[in-house]
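**Student:** Generate coordinates for the sequence data below:
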Amino acid sequence: SMAVNLRPPKREDLLEIDGVELGTAFAGIRKVERDDLVVMKFSPGTAIAGVFTRNGFAAAPVQICRERLSNGDEIRALVINAGNANCGTGEAGLSAARRTCLAVAKNLNVKPESVMPFSTGVILEPLPVEKIEACIGSCITSLSAGNWLAAANAIMTTDTVAKAISRKLVIQGNPISVTGIAKGVGMLAPNMATMLGYIFTDCAIAPGYLQELLSAANLRSFSCITVDSDTSTSDTLMMFATGKGAAHPAITKSNDKRLDPFREKLNALLQDLALQVVRDGEGATKLIQVDVTGAQTNEAAKKIALSIRRASPEQWEQLITRYQVGDVVPGVITKLVAFGAFARLPGPVEGLVHVSELVDRRIGHPEEVVEEGDVVPLKIVRIEHDRHRLGLSLREARTEAMAGKAMAVCMSRRICVDLYDEIVAL
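**Tutor:** Reported below is the predicted structural model:
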């Protein structure tokens with residue numbers, strides 16, 4: 001399954017940032033044999049800013065990063081793992097995150113407090129910290145200023161396309177670069193940035209004003225998007241300014257006119273990254289942009305736009321009145337992802353068939369069983385009121401069909417079912 005009109009970034013289009021090096025490695029945290037560990041190293045004096053999840057159950061790495069930022073610690077490195085979010089893991093999770101920071105600090109000869117940890121992936125599972133510790137050295141050995149695409153690929157979980165972008169500008173005759181990478185997919189809703197996003201520049205900006213810039217730009221980009229109306233426990237957007245790219249005097253005032261072109265480029269870059277995240281959202285088949293004009297304030301416009309983009313709880317409850325757990329109904333497979341298949345039922349109502357609910361055997365990918373566009377019988381196994389989604393099972397629907405308790409199994413568009421025309425018309 002491909003993202004909605006989103007092409008992978010090209011390595012040559014991603015600009016190096018003086019003062020930033022990146023390295024990746026395969027730690028085996030997840031099943032896919034692809035790099036899943038990233039270390040980023042910064043030059044001394046790098047300014048940082050951050051925006052974090054508003055979810056009350058913030059993951060262990062988020063708690064530590066907030067602490068580092070509020071303490072004003074000088075940050076010299078990041079360590080990011082994909083495949084495990086280290087969330088809902090209590091004190092053990094905090095200890096594991098600190099251990100990863102310590103491993104990076106020892107290898108780079110910096111203080112543990114100068115390392116920020118980040119994790120993304122499944123929740124409620126212990127972080128396999130030993131695997132991470134074993135591969136930190138490999139990450140650091142591969143440190144390079146040009147590893148943006150490798151890093152963008154390594155932080156992906158169920159994303160189908162890496163997300164990265166660069167922009168150039170000039171301040172007082174000096175060329176300045178800005179590069180950002182992100183990963184997104186589901187559990188993405190307003191009030192935060194993306195699940196993980198990192199912005200880097202060689203511009204010289206004092207930390208306080210960098211935070212102002214990031215917070216304002218976030219409100220105009222990531223905080224205006226939604227995929228499934230949930231706010232993740234790991235959402236983080238970070239920005240780093242090394243000040244190494246040019247000889248311009250540092251920007252230390254928010255009304256400095258030199259900030260204007262930088263602010264413009266930053267806003268454009270974040271809005272582009274935010275749209276990339278939505279285009280590759282879990283189950284996304286369409287991208288809808290809502291433009292509001294005539295509102296008295298930006299906040300009012302945002303509220304109006306967000307009221308349009310999804311069904312209210314009352315509307316959702318009305319839509320699913322026709323369905324009950326145990327029903328077997330026809331659905332159209334709309335998107336395949338590594339962990340399952342999204343489907344659309346009459347209503348329209350969205351549902352997810354987890355990979356374990358597709359067939360009575362272990363499979364590598366849902367495409368072994370179904371294709372996008374297939375019309376199949378699906379049994380409703382749960383109604384997820386909080387996510388406005390149905391939990392579905394093709395496996396159980398087939399079993400009941402074979403027992404004569406449900407409609408005949410239909411695996412192709414050529415086979416008609418009672419509600420086929422209604423589904424296809426949605």
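**Student:** which stretches of the stretch 301-426 of the chain form helices?
**Tutor:** 313-319, 394-402, 420-424 (DSSP state H, counting those that start in this stretch).
**Student:** and what of the stretch 1-150 of the chain?
**Tutor:** 60-71, 90-108, 129-141, 148-154.
**Student:** Check which helices and strands the last one is in contact with.
**Tutor:** Taking 3 or more C-beta pairs under 8 Å, 6 or more residues apart in numbering; DSSP states H and E as the contact definition, the neighbouring helices and strands of helix 148-154 are strand 20-25, strand 37-42, strand 77-84, strand 163-171, strand 174-183. (Each C-beta comes from the backbone N, C-alpha and C, glycine too.)
**Student:** okay, these in CSV with mean neighbour count, distance to residue 362 and mean pLDDT next?
**Tutor:** Listed next are the helices and strands packed on helix 148-154 as CSV, based on neighbours: other C-beta atoms under 10 Å; distance: least, C-beta to C-beta, whole Å; pLDDT from 0 to 100:
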stretch, mean neighbour count, distance to residue 362, mean pLDDT
strand 20-25, 24, 27, 98
strand 37-42, 26, 26, 98
strand 77-84, 25, 19, 95
strand 163-171, 19, 30, 94
strand 174-183, 22, 27, 94
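**Student:** Of those, which is nearest residue 261?
**Tutor:** Nearest to residue 261 among the helices and strands packed on helix 148-154 is strand 163-171 (4.9 Å), distances taken as C-beta to C-beta.
**Student:** chain center to that closest one: distance?
**Tutor:** 21 Å (C-alpha atoms, centre = their mean, to the nearest Å).
**Student:** next one: stretch 125-138
**Tutor:** Counting by C-alpha atoms, centre = their mean, stretch 125-138 comes out at 21 Å from the chain centroid.
**Student:** roughly how far apart are the residue nearest to residue 94 when sequence neighbours are not counted and residue 26?
**Tutor:** Among residues not flanking residue 94 along the chain, residue 60 sits closest, at 4.7 Å (C-beta to C-beta, 6 or more residues apart in numbering). Remark: distance between residue 60 and residue 26 (C-beta to C-beta, to the nearest Å) = 23 Å.
**Student:** Compare those two (neighbour count), which wins?
**Tutor:** residue 60 (26 against 17; other C-beta atoms under 10 Å).
**Student:** In contact with that one, which residues?
**Tutor:** Contacts for residue 60 (C-beta atoms under 8 Å, 6 or more residues apart in numbering) come out as 86, 87, 89, 93, 94, 96, 97, 117, 119, 127.
**Student:** Dump these to CSV, plus pLDDT and neighbour count.
**Tutor:** Formatted as CSV, those follow (pLDDT from 0 to 100; neighbours: other C-beta atoms under 10 Å):
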residue, pLDDT, neighbour count
86, 91, 32
87, 84, 25
89, 87, 21
93, 95, 25
94, 97, 17
96, 97, 23
97, 97, 29
117, 97, 28
119, 93, 30
127, 95, 28
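**Student:** ok, the residues you listed vs residue 208, which is closest?
**Tutor:** residue 117 (24.0 Å).
**Student:** So that closest one sits against residue 63, correct?
**Tutor:** No - judged on C-beta atoms under 8 Å, residue 117 makes no contact with residue 63 at a distance of 10.0 Å.
**Student:** among the helices and strands of this protein, which has the poorest mean pLDDT?
**Tutor:** helix 420-424 (a mean of 38; mean pLDDT, DSSP states H and E).
**Student:** mind checking which of the helices and strands packed on helix 148-154 is nearest residue 12?
**Tutor:** strand 163-171 (10.2 Å).
**Student:** just checking, what packs against the closest one?
**Tutor:** helix 148-154, strand 174-183, helix 259-279.
**Student:** one more time with 6 Å, if that's ok
**Tutor:** With contacts taken as 3 or more C-beta pairs under 6 Å, 6 or more residues apart in numbering; DSSP states H and E, strand 163-171 sits against strand 174-183, helix 259-279.
**Student:** how about the longest one: buried residues?
**Tutor:** What that stands for is helix 259-279. For helix 259-279, the neighbour count (16 or more other C-beta atoms under 10 Å) marks 259, 262, 265-267, 269-279 as buried.
**Student:** and what of stretch 237-257?
**Tutor:** 237-246, 248, 251, 256.
**Student:** Residue 321: which of those is nearest?
**Tutor:** residue 237 (38.8 Å).
**Student:** So in that sheet, which strands flank the helix or strand where the closest one lies, and in what orientation?
**Tutor:** Taking DSSP states H and E as the criterion, the element that holds residue 237 is strand 236-241. Paired neighbours of strand 236-241 in the sheet (DSSP bridges): strand 47-52 (antiparallel), strand 196-201 (parallel).
**Student:** most packed of the ones you listed?
**Tutor:** Most buried of those, by mean neighbour count (mean count of other C-beta atoms under 10 Å): strand 196-201, with a mean of 27.
**Student:** got the angle between that strand and helix 60-71?
**Tutor:** 40 degrees (axes from the mean of the first three to the mean of the last three C-alpha atoms, to 10 degrees).
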